[in-house]
Structure formats: C-alpha cells, structure tokens
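S.K.: Quick one: sequence and predicted model below, then my questions.
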Amino acid sequence: MKDEKKMGGKNDAPIKRFIDTEEDHEQGAQGEFAELFHDSLKQLQTGEIVKGVVVKINQDFVLVDVGYKSEGRISINEFLDENGQPDVKIGDEIKVLFERGENEQGHIILSKRKAESHVNWEKIEEAGEGGIVEGKIISKVKGGLNVDIGIPAFLPASQIDIRPGGNLDRYIGQTFTFKILKMNRKRGNVVLSRRVLLEEEREIMKKETLANLAEGQILEGTVKNITDYGAFVDLGGLDGLLHITDMSWGRLSHPSEAIKVGDKINVMVLKYDSAKGKISLGLKQTIADPWLSVEGKYQIGSRVRGKVVSLADYGAFISLEEGVEGLVHVSEMSWTRRLRHPSEILKAGDEVEAVVLGVDIANRRISLGIKQTEVNPWTVIGEKYPVGTKIQGQIKNITDFGMFIGIEDGIDGLVHVSDISWTKRIKHPGEIYTKGQTVQAVVLNVDAENERLSLGIKQLNPDPWSEIPEKYKPGTRVKGKVSSVTDFGVFLEIEEGVEGLVHVSELSQEKLPTAKGFAAVGDEIEAVVLSMDTAERKIGLSIKSLQSATEKAEFESFMGSQGEATSNLGELLKEGLKKNGDK
C-alpha cells in the first residue's frame with residue numbers, strides 16, 4: 001500500500017502526463033484512420049451534385065478533383081464561352097454532377113453543364129409558373145425565340161412585345177425579364193412571356209399618367225408609329241395622336257420629314273377626351289410661333305437666303321428658317337427663260353438667294369423672287385438692239401402666226417408671218433423654214449415693258465412694191481401664169497411674188513357666172529392692167545379689155561385708115577379702158 005502511495009506522489013506527475021499523451025495520440029490516430037477509411041468507402045450516387053476543384057486542363061478534357069479516389073473528367077466543350085474559347089483555369093471551384101463511375105482510363109465521368117441545369121431547374125421550380133426570371137435571347141426558332149435562363153426556354157413570337165411583329169432577329173443578343181407561363185421539368189420545357197410584364201408595366205404607367213394628365217401640359221413621349229396623317233406617341237402607358245398639322249409651324253409633306261420611330265420628343269397635350277380615351281398632341285406648340293416675328297424680319301425688297309424644300313408645278317418652296325417658308329413662283333425665277341416647271345433650274349436641297357416680294361402674315365405667306373437678284377436684261381435690250389439692227393439667230397419655235405428667233409440666252413424675237421416676205425402669201429412659216437435653222441432678220445420694234453422683240457425678214461431687202469406702180473401702169477399689157485382660180489376671178493402671177501386679179505367680169509365679152517373652168521392653174525394668159533392699189537398691194541387685170549383693143553386695132557388696120565393706123569395698141573387700150581370707165 002505504501003508503495004502505491006509512493007507512486008502517487010509528486011514525483012509521479014511527469015509519468016502520468018506521458019501516459020495521458022500517449023493515450024491521446026493513439027485515440028487521435030485511430031480517429032483519422034477511421035475518417036480516411038470512411039472516405040475511402042464513400043460512394044458517389046449517379047445524379048449527385050458535388051463540389052470539385054479543377055486540377056488539369058487539356059484540349060479535350062478538364063480534370064476535376066471531387067475528393068473521390070479518382071479524378072473526374074469533363075469535356076472541354078462544357079467550358080466554352082460565346083466565342084468558343086475555354087472559360088476555366090486550374091484551381092477554379094465548380095459544382096458538377098456525377099454521371100457514372102470510372103472509365104477505362106480510371107476517371108469518373110462528371111458534367112458541369114448538367115449540374116448547372118439541375119441547380120437552375122431548382123431555381124425555376126422555386127419561382128414556379130407566374131414567377132419572374134431573367135434571360136438572354138440567343139437564337140430564332142420556329143414560332144418564336146430561344147431564351148437562355150440557365151436552361152433553354154421558349155419565347156413565342158406573340159409574347160415578345162405588346163405589338164408583336166416585324167423582324168425577330170433584332171431581339172437576338174438582348175437580355176430581358178420574363179414571366180414563366182408554363183413549365184415541365186420532366187419534358188424539359190419552359191414557356192416564357194415578355195409581353196405580360198410589359199402590359200402590366202404599361203398599365204401601371206397609364207394610371208400614373210392619367211392621374212396627372214391636363215390640357216396644356218408638356219410631356220416627354222416616344223414615337224411609336226408613323227402614318228400619312230400623323231404619328232402615335234407613347235406618353236407612358238397610353239398613346240396620343242400627333243397630327244401632321246401640329247408637328248411644325250412650316251409645311252410638311254409627310255410626318256417622316258420631322259420625326260422618326262423611336263424618337264423621344266416633348267409634346268403638348270392639346271385636348272383630352274376622357275370618355276373616348278383620346279389624346280391630341282402638339283409638337284410645334286412647344287416652341288414659339290416664328291411667324292410672330294416675320295413682319296419685322298422680312299421686309300419687302302430685302303434679300304434672303306434659304307434652302308429649297310419642295311417643288312410644285314407652280315413654283316418652289318424655300319425654307320427661310322424653322323417653320324417659315326416662302327414661295328418663288330415659276331414666273332419669278334428667270335427674266336428670260338420661259339420655264340414650264342421649276343425643276344428646270346432648281347432641285348430640293350439647293351441653297352438660293354431671293355428677294356422678298358410680298359408678306360401676308362394673315363395667310364402665313366411670303367412671296368419671293370429669284371430673278372430679282374439679277375439685272376433685268378430687257379431694261380437694256382433696246383440699247384443693245386436698236387430698231388434697224390440686223391441680227392442672226394436660230395429658229396427656236398414655229399407657230400401659225402410666226403416664228404421665234406433666239407437673239408441671246410433666254411431672249412427671243414418674233415418674226416410675224418406677215419413679215420417674212422414682201423410678195424409671197426405665206427399661210428404658215430413652216431412652208432419655208434424649219435426649227436433649228438439659222439436666219440437673219442431686222443429689229444422692227446422693242447417693247448421692254450412687255451418683254452417683246454419684233455423682227456422682220458422681208459425688211460432685209462427693199463420693198464418691190466415701191467417699183468410696181470411705175471412698172472405696171474394702167475393700160476400696160478402683161479403676161480403671166482394662172483396661180484389660182486376662184487368663183488370671182490383668176491389670179492395671175494405676173495412676176496415672182498406679184499399677182500394680179502382678173503375679175504370674172506373682165507374675163508370675156510360674154511357674161512360668165514363663175515371663173516372656174518375658164519382657165520387652169522399653170523396656164524399662160526395675157527391681160528392688161530386695169531387698176532393699181534399700192535396700199536392694199538392689189539393689181540386689177542382685164543382680158544376682156546385686151547381683146548376689145550386688139551380687135552379694134554385689127555379692124556382699123558384692115559380698113560386702111562391713115563390716121564387711125566398710126567395709133568399704137570397702148571392708145572387703143574387706154575381708149576377702151578376709158579370707155580369701160582364711162583359705162
């Protein structure tokens with residue numbers, strides 16, 4: 001007993017501590033061994049999701065350590081990003097799904113993609129039908145779009161937008177929030193809708209907008225749609241109509257000239273019909289009316305610059321400033337050219353200088369002139385081409401009453417049909433001349449006020465009728481060709497361009513009812529001059545008097561009368577003519 005007590009004394013404490021330490025070490029070693037032994041017996045279950053660490057990467061596979069006796073292998077394709085490049089590095093901790101045990105190479109088969117799908121499906125099931133998820137539209141499929149929400153999901157075309165339609169490609173690559181309409185994990189199907197969320201959001205915005213809506217209020221809106229008569233603007237949950245007449249203080253041919261779909265614009269509420277839910281908007285009303293200052297800015301006679309915005313048959317509209325346009329009538333575009341349409345000298349977009357001709361504030365009209373920026377050539381035409389000047393030009397146009405000769409650029413002179421020939425009776429200038437032919441003429445008159453220049457061709461030569469009265473005195477015997485036959489007489493051309501008329505009563509001693517049948521065109525006939533009218537340029541001829549004088553001369557010559565035989569034929573004709581005049 002004593003010995004035992006001695007052993008339990010102070011000197012025995014180190015021995016006890018040594019024994020306790022050895023016991024603890026042995027127990028710890030046994031615990032670690034048991035844990036290692038337990039781990040070595042751990043079996044992964046097919047479909048189980050575990051954490052692992054990437055330990056090796058090659059061009060075909062990624063090796064992952066999941067704490068199993070062998071490493072797991074995953075195809076490199078499960079780590080490729082959008083550009084087809086591996087998005088993984090050694091040491092990354094990832095979740096994987098155990099697919100099956102060791103293969104021939106001694107690697108277990110794992111899947112990162114299926115693990116993610118499993119996790120994502122759990123999230124989607126947790127959200128449930130009617131839940132909200134975020135996803136990226138990745139491709140177009142039959143009937144709609146394919147959306148990545150962690151797993152592939154289907155977005156029907158009818159559920160893409162509030163107003164579906166158009167090219168679906170524009171949505172690809174965009175990320176949106178969606179509502180889950182239907183889901184079936186067994187089949188792997190999820191149907192989404194973006195439209196439902198947009199409609200809910202729109203309804204909330206609509207209530208807020210209507211609560212604060214008032215006429216005269218200025219709101220920001222987005223142009224949603226454009227028509228020929230205007231545009232529909234989204235004010236935040238509800239649409240308003242912006243009519244084309246309320247888009248600009250100026251003139252628009254189409255709304256697209258002022259706005260385009262997607263534009264954010266400030267508009268004024270002009271009218272709100274709560275019963276019908278219609279809102280009328282104005283864009284131009286958000287800025288001051290430029291016509292309020294037009295009268296002071298655009299004085300008559302002042303020069304202005306502007307851009308041609310549109311052309312019409314009657315003129316061109318010039319934009320002078322935002323909302324203010326002026327009209328240049330086609331007659332005010334050129335001093336000399338006769339324009340049929342403004343497009344002959346102008347086109348949309350041209351920068352032009354003009355002179356203000358008139359301002360009508362009440363009707364919002366400004367009359368402009370382009371030709372007034374230059375000197376009117378008609379004011380100096382008389383100095384350049386005084387009466388009597390000989391000119392040469394090209395025939396620009398031929399009409400029934402005459403022909404126009406080009407004098408210089410834009411200035412034509414008219415040769416009236418009566419001023420073409422002194423002697424020929426011309427019914428139409430086209431009988432002698434053709435368009436484009438070069439001719440000479442003489443300036444007869446200049447009317448600068450009415451912009452008219454009269455020319456003559458016959459005036460290039462002396463008037464043959466100045467010699468006719470002396471050449472063909474009454475009693476002169478003439479010979480000519482029949483040029484025409486009428487009921488009342490026969491026209492005889494006695495020299496080129498000079499005709500005389502043998503009246504039906506002067507054709508024969510016998511009384512004839514008509515001249516037709518007496519002679520034919522081209523016949524040569526002799527006659528005697530009865531009368532001369534220089535003013536009217538008419539010569540009266542007689543065949544009857546010539547016959548009477550000839551018969552008398554022959555009779556007296558036959559009778560052998562001394563005194564009368566010496567009379568010449570001219571005296572006999574004069575005597576006969578005198579007798580005819582006395583009757």
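M.R.: Cool, got the structure.
S.K.: Who are the contact partners of residue 239?
M.R.: Listed by CB atoms under 8 Å, 6 or more residues apart in numbering, the contact set of residue 239 reads 224, 232-233, 279. Every residue, glycine included, has its C-beta placed from N, CA and C.
S.K.: I'd like to know which of those are buried.
M.R.: Taking 16 or more other CB atoms under 10 Å as the criterion, what is buried in the contacts of residue 239 is 232-233, 279.
S.K.: what residue ranges in this protein are flagged as low confidence?
M.R.: For the chain, the stretches flagged by pLDDT under 70 are 1-43, 165, 553-583.
S.K.: Go through the buried ones among the contacts of residue 239 and name the one nearest residue 468.
M.R.: Nearest to residue 468 among the buried ones among the contacts of residue 239: residue 232, at 86.1 Å, using CB to CB.
S.K.: Secondary structure of residue 530: a strand, I assume?
M.R.: Yes. Residue 530 sits within a strand when classified using DSSP: H, G, I helix; E, B strand; the rest coil.
S.K.: What is the neighbour count of it?
M.R.: 23 (other CB atoms under 10 Å).
S.K.: The nearest residue to residue 509 once chain neighbours are set aside: how many residues sit nearby?
M.R.: Of all residues not flanking residue 509 in the chain, residue 544 sits nearest, at 5.8 Å (CB to CB, 6 or more residues apart in numbering). When counting by other CB under 10 Å, one arrives at 20 neighbours for residue 544.
S.K.: list the contacts for residue 544?
M.R.: 505-509.
S.K.: Select from the residues you listed every entry located in strands.
M.R.: Among those, the subset assigned to strands under DSSP state E is empty.
S.K.: how about these in JSON lines, adding distance to residue 107 and neighbour count?
M.R.: Shown next, in JSON lines, are the contacts of residue 544 (distance: CB to CB, whole Å; neighbours: other CB atoms under 10 Å):
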{"residue": "505", "distance to residue 107": "140", "neighbour count": "13"}
{"residue": "506", "distance to residue 107": "140", "neighbour count": "21"}
{"residue": "507", "distance to residue 107": "138", "neighbour count": "23"}
{"residue": "508", "distance to residue 107": "142", "neighbour count": "13"}
{"residue": "509", "distance to residue 107": "147", "neighbour count": "10"}
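S.K.: quick one: which of those residues is nearest residue 168?
M.R.: residue 507 (99.7 Å).
S.K.: Now the most centrally placed residue in the chain: closest residue in space that isn't a chain neighbour?
M.R.: Centroid-nearest residue in the chain: residue 348, 9.0 Å away (criterion: CA atoms, centre = their mean). Spatial nearest neighbour of residue 348, chain neighbours left out: residue 308 (5.4 Å); criterion: CB to CB, 6+ apart.
S.K.: In CSV, could you pull the C-alpha coordinates for the helix or strand hosting that neighbour?
M.R.: Using DSSP states H and E, residue 308 falls within strand 303-312. Provided in CSV are the C-alpha atoms of strand 303-312 (Å, rounded to 0.1, in the frame of the first residue of the first chain):
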residue,chain,number,x,y,z
ARG,A,303,-32.5,89.8,-99.8
VAL,A,304,-32.8,86.5,-98.1
ARG,A,305,-31.1,83.1,-98.3
GLY,A,306,-32.8,79.7,-97.9
LYS,A,307,-33.0,76.1,-98.9
VAL,A,308,-35.4,74.6,-101.5
VAL,A,309,-37.6,72.1,-99.6
SER,A,310,-40.0,71.1,-102.3
LEU,A,311,-41.1,71.8,-105.8
ALA,A,312,-44.6,72.1,-107.3
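S.K.: show me the contacts for residue 258.
M.R.: Contacts of residue 258 by CB under 8 Å, 6+ apart are 247-248, 252, 283.
S.K.: What ranges does the chain have for its helices?
M.R.: 2-7, 13-40, 112-127, 195-212, 294-297, 381-384, 468-471, 544-559, 562-565, 569-582 (DSSP state H).
S.K.: Setting aside sequence neighbours, what's the nearest residue to residue 146?
M.R.: residue 139 (4.5 Å).
S.K.: Is that neighbour in contact with residue 172, as I believe?
M.R.: Yes. Counting by CB atoms under 8 Å, residue 172 is a contact partner of residue 139 at 6.6 Å.
S.K.: Please identify every residue contacting each of these two.
M.R.: residue 145.
S.K.: Compute the first-to-last residue distance for stretch 332-352.
M.R.: With CA to CA, to the nearest Å applied, stretch 332-352 spans 13 Å between its terminal residues.
S.K.: a markdown table for the contacts of residue 258, including distance to residue 489 and neighbour count?
M.R.: What follows is the contacts of residue 258, written out as a markdown table (distance: CB to CB, whole Å; neighbours: other CB under 10 Å):
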| residue | distance to residue 489 | neighbour count |
| --- | --- | --- |
| 247 | 78 | 21 |
| 248 | 76 | 18 |
| 252 | 72 | 15 |
| 283 | 82 | 23 |
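S.K.: Of those residues, just say which sits nearest to residue 473.
M.R.: residue 252 (80.7 Å).
S.K.: show me the contacts for the closest one.
M.R.: Per CB under 8 Å, 6+ apart, neighbours of residue 252: 244, 258.
S.K.: ok, now with 10 Å
M.R.: 244-245, 258-259, 309-310 (CB atoms under 10 Å, 6 or more residues apart in numbering).
S.K.: cool, and residue 182?
M.R.: 129, 154, 189-193.
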